[in-house]
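Asker: any chance you could fold what I've pasted below:
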Amino acid sequence: MQSTGAATILRVLRVCLHVGFAVLLLVAVVRLLTGVGVAGSPPTPVAMAAGLGLSALLAAVYLAGTILEKRYASDASRFDPTPYARWWLGAVMILWLLLLLVSGDFAWVAFPLFFVQLHLLPRRLALPAIALSTILLIGALWFHSRGSVDGGLQLAMVLGPVFGAGFAVVTGLAYRALFLEAENQRTVADDLRRTRAELAQTQHDAGMLAERERLAREIHDTLAQGFSSIILMGRSAEKALDDGDPQAAKERLRIVQDTASTNLAEARSFVRGLRSPDLEQSGLVDTLRRLCDKTETEAAARGTALRCRFELVGTPVELPNTYQTTLLRAAQASLANVWAHAHARAAVVTLSFLGAEVTLDVFDDGKGFEPSTAAGTVRGDGTGVGLQSLRERLAALNGRLEIESAPGEGTVVAVRVPLPADEGVS
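Answerer: Below you'll find the predicted structure:
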């Protein structure tokens, strides 16, 4: 993720703070080793050794704290130094106070430490801590200047630390405001990334579910019905052989082969997301007419006297692939129910182009049923999903399904689909 403006400013200020601390500490050490003190008197060898050792220890403690903080900021799985931050600050301040006793040149290291106090301590503690550090700083400058010609407390010894502390407080508060803004932006960015990841997963799951439902509809409306027909034709062929009628058995086996071939083509088609092979070969009208002939032929092969005819009303218009597939599947499912459950003697499939909509009506004179109790009922063996599947197909096209039936009075399945705006006929 690209750094925000506030984060960049914070990084620059943090680098400047660490560089300022290192430079001021180095200058103080150099002045200590070269024998140039605040008061102009050379330090003793003991003071030089103590100052050098304490400076090295202070640099090591300061560097360790900044490295741990930087590593944790870049990778939250690393060691978190936050619970020990005040202990670290206390160690840094104690080492600085000991250096103040060695040489007054270490007084100027206080200014970057003011920023550290404002960053690590709450404001109610940071301001008193800075005030106490300023007083100690002034006292150290006065202590180390007692032996000089201008010994005593001078105005510059007070104004310098006071103005430095005031500048540090104002700048530190601005730094804290930027720090809080950067933290808020980081939190918002993390929430946004998490939300986008959850949305992507939700869309992925929804896509998988939609594809699963599509495959389930296609399997029910094509393969399942085809396999059912193959089973019935196989049983009929077996019966014909038992009755000594090889010609009838041969005819029924031919139907089995044709149905299996059609099922194979359908399976390859819907796996690739293409239209039905029947629709590839001819239009919807001819496909429905052939479907009626096939239904009548299969019924006759099973010994059922079913007359199935197709009727066309209105002037056909070219429909989009999804419309043709939906209407074909509706006819296939309805006719499958006719020969499987209705025990009808006649069935009529009517395709009508009526102004702004296209309709498909499938009528049979079979035994009928009670729509309120049977429609959309899914049985334990996986059957009974035809009407539910058809409703889902029609919902995608803003269509509707109406069923009129009663026990002993036949059934009418009526499908209504509004035509696309540029397909309507006046």
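Asker: mind checking how far stretch 318-331 is from the chain centre?
Answerer: 34 Å (CA atoms, centre = their mean, to the nearest Å).
Asker: give the contact list for Y84.
Answerer: Under the criterion of CB atoms under 8 Å, 6 or more residues apart in numbering, Y84 has no neighbours. Where you see a C-beta, it was placed from the backbone N, CA and C, and this is true even at glycine.
Asker: pLDDT wise, what is it at?
Answerer: Each residue has a pLDDT score; the one for Y84 is 87.
Asker: tell me the secondary structure for it?
Answerer: helix (DSSP: H, G, I helix; E, B strand; the rest coil).
Asker: same question, the one 3 residues further on
Answerer: Using three-state DSSP, the secondary structure recorded for W87 is helix.
Asker: state the pLDDT value of it.
Answerer: For W87, the model assigns a pLDDT of 91.
Asker: counting neighbours, what do you get for it?
Answerer: Neighbourhood size, W87 [other CB atoms under 10 Å]: 11.
Asker: can you check D243 too?
Answerer: Residues lying near D243 (other CB under 10 Å) number 10.
Asker: I'd like to know how far it sits from W339.
Answerer: Distance of D243 to W339, computed by CB to CB, to the nearest Å: 21 Å.
Asker: could you do A347 as well?
Answerer: For A347 relative to W339 (CB to CB), the value is 8 Å.
Asker: common neighbours of the two, please.
Answerer: What both A347 and W339 touch, as defined by CB under 8 Å, 6+ apart, is the set T295, L306.
Asker: if you count surrounding residues, which of the two has more?
Answerer: A347 (26 against 23).
Asker: show me which positions of the one helix or strand the more buried one maps to end up buried.
Answerer: Using DSSP states H and E, the element containing A347 is strand 346-354. Of the residues in strand 346-354, A347, V348, V349, T350, L351, S352, F353 count as buried by neighbour count, 16 or more other CB atoms under 10 Å.
Asker: each with direction, which strands does that strand pair with?
Answerer: strand 307-313 (parallel), strand 357-364 (antiparallel) (DSSP bridges).
Asker: average pLDDT across that strand?
Answerer: For strand 346-354, mean pLDDT rounds to 92.
Asker: cool, stretch 372-383 as well?
Answerer: So the average pLDDT for stretch 372-383 ends up being 54.
Asker: with stretch 187-202 instead?
Answerer: If you average the pLDDT over stretch 187-202, you get 83.
Asker: can I get that stretch in PDB, CA atoms only?
Answerer: Provided in PDB are the C-alpha atoms of stretch 187-202 (Å, rounded to 0.1, in the frame of the first residue of the first chain):
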ATOM      1  CA  THR A 187      -6.800   1.300  10.700                       C
ATOM      2  CA  VAL A 188      -9.300   2.400   8.000                       C
ATOM      3  CA  ALA A 189      -7.000   0.900   5.300                       C
ATOM      4  CA  ASP A 190      -6.800  -2.400   7.200                       C
ATOM      5  CA  ASP A 191     -10.600  -2.400   7.600                       C
ATOM      6  CA  LEU A 192     -11.000  -1.600   3.900                       C
ATOM      7  CA  ARG A 193      -8.600  -4.400   2.900                       C
ATOM      8  CA  ARG A 194     -10.400  -6.900   5.200                       C
ATOM      9  CA  THR A 195     -13.800  -5.800   3.800                       C
ATOM     10  CA  ARG A 196     -12.600  -6.100   0.200                       C
ATOM     11  CA  ALA A 197     -11.300  -9.600   1.000                       C
ATOM     12  CA  GLU A 198     -14.600 -10.600   2.600                       C
ATOM     13  CA  LEU A 199     -16.500  -9.100  -0.300                       C
ATOM     14  CA  ALA A 200     -14.400 -11.000  -2.800                       C
ATOM     15  CA  GLN A 201     -14.900 -14.200  -0.900                       C
ATOM     16  CA  THR A 202     -18.700 -13.600  -0.800                       C
END
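Asker: could you say what helices and strands the helix or strand hosting V12 packs with?
Answerer: Element membership for V12, per DSSP H and E: helix 5-33. On a contact count with 3 or more CB pairs under 8 Å, 6 or more residues apart in numbering; DSSP states H and E, helix 5-33 meets helix 45-74, helix 110-120, helix 155-218.
Asker: buried set for the first one?
Answerer: Of the residues in helix 45-74, M48, A50, G51, L54, S55, L58, A59, Y62, G65, T66, L68, E69 count as buried by neighbour count, 16+ other CB under 10 Å.
Asker: count the neighbours of V19 for me.
Answerer: Neighbour tally, V19, other CB under 10 Å: 11.
Asker: could I get the buried residues of helix 45-74 as CSV with distance to V27 and pLDDT?
Answerer: Shown next, in CSV, are those (distance: CB to CB, whole Å; pLDDT from 0 to 100):
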residue, distance to V27, pLDDT
M48, 15, 85
A50, 18, 88
G51, 13, 86
L54, 15, 91
S55, 11, 90
L58, 14, 91
A59, 13, 91
Y62, 15, 89
G65, 21, 88
T66, 19, 87
L68, 26, 87
E69, 25, 83
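Asker: take those and write them to JSON lines, including distance to L284.
Answerer: Converted to JSON lines, the buried residues of helix 45-74 look like this (distance: CB to CB, whole Å):
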{"residue": "M48", "distance to L284": "102"}
{"residue": "A50", "distance to L284": "100"}
{"residue": "G51", "distance to L284": "97"}
{"residue": "L54", "distance to L284": "94"}
{"residue": "S55", "distance to L284": "92"}
{"residue": "L58", "distance to L284": "88"}
{"residue": "A59", "distance to L284": "85"}
{"residue": "Y62", "distance to L284": "82"}
{"residue": "G65", "distance to L284": "78"}
{"residue": "T66", "distance to L284": "75"}
{"residue": "L68", "distance to L284": "73"}
{"residue": "E69", "distance to L284": "71"}
